[in-house]
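> Sharing a sequence plus its predicted fold:
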Amino acid sequence: MERFYNLSFAQQNIWNVENFISNTSINNIAATLKFSEEIDLFLLEKAVNLVLKKRCASH
């Protein structure tokens, strides 16, 4: 059984842009972070995964 959910406001905007200007990378904005001190990559990965897990669980 398929379930459909309403899009968030941000998702609606992305959908509208993609339909208005198809095949664009307007929503793929790259970013770079520069840390002033050495960081623990293992802890950074754990933190990012935790945010993603909580984000996915809320939908």
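Great, that's in hand.
> any idea of the pLDDT on residue 59?
Looking at residue 59, its pLDDT is 57.
> err, residue 46, not the other one
Reported pLDDT for residue 46: 95.
> Check residue 42 too.
So, for residue 42, pLDDT stands at 96.
> That one in helix, strand or coil?
Per DSSP: H, G, I helix; E, B strand; the rest coil, the secondary structure class of residue 42 is helix.
> do the same with residue 24
Classified using three-state DSSP, residue 24 is coil.
> show me what contacts it?
Going by C-beta atoms under 8 Å, 6 or more residues apart in numbering, residue 24 touches 17-18. C-beta: built from backbone N, CA, C; applies to glycine.
> what separates it from residue 52, distance-wise?
Going from residue 24 to residue 52 by C-beta to C-beta, to the nearest Å gives 25 Å.
> roughly how far apart are residue 29 and residue 14?
Distance from residue 29 to residue 14, by C-beta to C-beta: 12 Å.
> Compare those two and say which is more crowded by neighbours.
Between residue 29 and residue 14, counting by other C-beta atoms under 10 Å, residue 14 is the more crowded of the two (13 against 6).
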